[in-house]
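> sequence and predicted model, in that order:
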Amino acid sequence: MKSASTRTSAIELAYEPLTLTTTHPFGISYGTSSDTNNVLVRLTLGEHVGLGEAAPASYHGESQATVLAVLGEIKKASILGDDPFAVASIMTAMDRLVAGHNSAKAAVEMALQDLAGKIAGQPLYKLLGLSGSPQPMTDFTIGIDSLEMVEMKTREALDQGFKMLKVKQGTTYDREIIETIRKVAGDIPLRVDANGAWTPKQAIAMSRFLAKHDVEFIEQPLPKFASADDFRYVRQHSAVPIFADESVCRANDVARLAGAVDGVVVKLAKTGGISEALKVIHVARAYQLKIMFGCMIESSIGVTAAAHLSSLVDYLDLDGAMLLKNDPFDGAYYDSGYLRVKDEPGLGVKARQK
């Protein structure tokens, strides 16, 4: 699949800050912001360029500055070689070079997979053997805000054709937020994300209220480092299923929480890339857990990379690019509830025309 001309030089790594602005201030239990400081990665080999995106989160111990520093170390170590299909060995080399820093590694692997797909002339989902597989609908997130703004955001989402919503929680008026959205959205499917804001007793009490309002499940009710016993206690007494997000980054975290939760949330930025995301999915399936694929606030690069794996999971929360005021890239697109990838080589992402 690789011509001699594409194997005559090493893969070149370039990167730069990528600052993204949301349409509305985006609030979760950790705080509210309008700007997200990501990092754009480009890998070049011959005439082909692969794109990747790092979406660091402070609650996972990363920032734009740490991503730029790690990418600098990767570049200095010259571990990328000349074969973008050698993903496993390159990922192993990055893990040996630096521990953690998963969003930086995820960006490099996205770009490798994009590069490999372009050289092979095939979309990523086909290289992964997922051609023709059905996928679930994606939701759209309503961030924490005043009740007036929550109502306005909900109406906007419905006007734009979104068919299911995820609702951020972690305030003193969480119940009023749900009641406001239900009043506007009727019986549209809802799921809730507390981003670790509740104690076990609060989570159980909220689960009973949420069940009465037909909420499908609660994502990350407890803090990131809550014990498996605490999650198990909440699950045993909850009126709705419990999913772990921040508490599950890599495959070994799934095994640690097996039996204590009903499902897990996979995100490329926290797994460290597509390869580890696949491991998380397979381990979760082995433990008969449900799976949601989520994202950070990301451009169409990161969201599209995740969308290529969407047929492997039960639920999708891939709205990161749709929350942006101006997405600088054009990739997966929203179509009557579904996030569709384009039948183009690699990720199928291009810079948006200005």
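Cool, the structure landed.
> next, count neighbours for residue 98.
Residue 98 is flanked by 15 other residues according to other CB atoms under 10 Å. Heads up, the C-betas are built off the backbone N, CA and C, glycines and all.
> check the offset of the strand or helix carrying residue 41 from the chain's centre.
According to DSSP states H and E, residue 41 maps onto strand 31-45. Remark: strand 31-45 is offset 13 Å from the chain centroid, using CA atoms, centre = their mean, to the nearest Å.
> which strands and helices lie in contact with it?
Here strand 31-45 touches strand 12-28, strand 48-54, helix 64-77, helix 102-120, going by 3 or more CB pairs under 8 Å, 6 or more residues apart in numbering; DSSP states H and E.
> how about CSV for those, with mean pLDDT added?
Shown next, in CSV, are those (pLDDT from 0 to 100):
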stretch, mean pLDDT
strand 12-28, 97
strand 48-54, 98
helix 64-77, 98
helix 102-120, 98
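> of all those, which one is nearest residue 224?
strand 12-28 (12.9 Å; CB to CB).
> run the chain-centre distance for the closest one.
14 Å.
> next, the angle strand 31-45 makes with that strand.
160 degrees (axes from the mean of the first three to the mean of the last three CA atoms, to 10 degrees).
> in the strand holding residue 41, what's buried?
Buried residues in strand 31-45, counted by 16 or more other CB atoms under 10 Å: 36-45.
> and what of stretch 193-204?
For stretch 193-204, a neighbour-count test (16+ other CB under 10 Å) marks 193-198, 200, 203-204 as buried.
> ok, residue 163 touching residue 137?
Yes - at 6.0 Å, residue 163 and residue 137 qualify as touching, with contact defined as CB atoms under 8 Å.
> with only the CA atoms kept, save stretch 168-184 in CSV.
Provided in CSV are the C-alpha atoms of stretch 168-184 (Å, rounded to 0.1, in the frame of the first residue of the first chain):
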residue,chain,number,x,y,z
LYS,A,168,-25.2,19.0,32.4
GLN,A,169,-25.8,19.0,36.2
GLY,A,170,-23.9,20.1,39.3
THR,A,171,-25.8,23.1,40.6
THR,A,172,-28.2,24.0,43.4
TYR,A,173,-31.0,24.0,40.9
ASP,A,174,-30.4,20.7,39.0
ARG,A,175,-34.1,19.6,39.3
GLU,A,176,-35.3,22.9,37.9
ILE,A,177,-33.0,22.5,34.9
ILE,A,178,-34.6,19.1,34.1
GLU,A,179,-38.1,20.5,34.6
THR,A,180,-37.4,23.4,32.3
ILE,A,181,-36.0,21.2,29.6
ARG,A,182,-38.9,18.7,29.9
LYS,A,183,-41.4,21.6,29.6
VAL,A,184,-39.8,22.7,26.3
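> in that stretch, what's buried?
By neighbour count on 16+ other CB under 10 Å, the buried set for stretch 168-184 is 168-170, 174, 177-178, 180-182, 184.
> please produce a markdown table containing those, extended by distance to residue 350.
Putting these into a markdown table (distance: CB to CB, whole Å) gives the following:
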| residue | distance to residue 350 |
| --- | --- |
| 168 | 31 |
| 169 | 36 |
| 170 | 37 |
| 174 | 40 |
| 177 | 37 |
| 178 | 39 |
| 180 | 39 |
| 181 | 35 |
| 182 | 39 |
| 184 | 36 |
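> which two from those residues end up farthest apart in space?
170 and 184 (20.5 Å).
> tell me the SS of residue 187?
Here residue 187 is recorded as coil under DSSP: H, G, I helix; E, B strand; the rest coil.
> check the burial of it by counting its neighbours.
7.
> model confidence score at the nearest residue to it once chain neighbours are set aside, please.
Spatial nearest neighbour of residue 187, excluding adjacent residues (CB to CB, 6 or more residues apart in numbering): residue 214 at 6.8 Å. Each residue has a pLDDT score; the one for residue 214 is 98.
> pretty sure residue 214 is touching residue 192, no?
No - between residue 214 and residue 192 no contact is recorded; they are 11.2 Å apart, counting by CB under 8 Å.
> would you mind measuring from the residue most central in space within the chain to residue 320?
Of all residues in the chain, the one closest to the mean position by CA atoms, centre = their mean is residue 295, 1.9 Å from it. Counting by CB to CB, to the nearest Å, the gap from residue 295 to residue 320 is 4 Å.
> can you list residues touching both of these two?
Shared contacts of residue 295 and residue 320, defined by CB atoms under 8 Å, 6 or more residues apart in numbering, are found at 55, 302-303.
> quick one: which of those is most hemmed in?
Counting by other CB under 10 Å, top hit in the shared contacts of residue 295 and residue 320: residue 302 with 33 neighbours.
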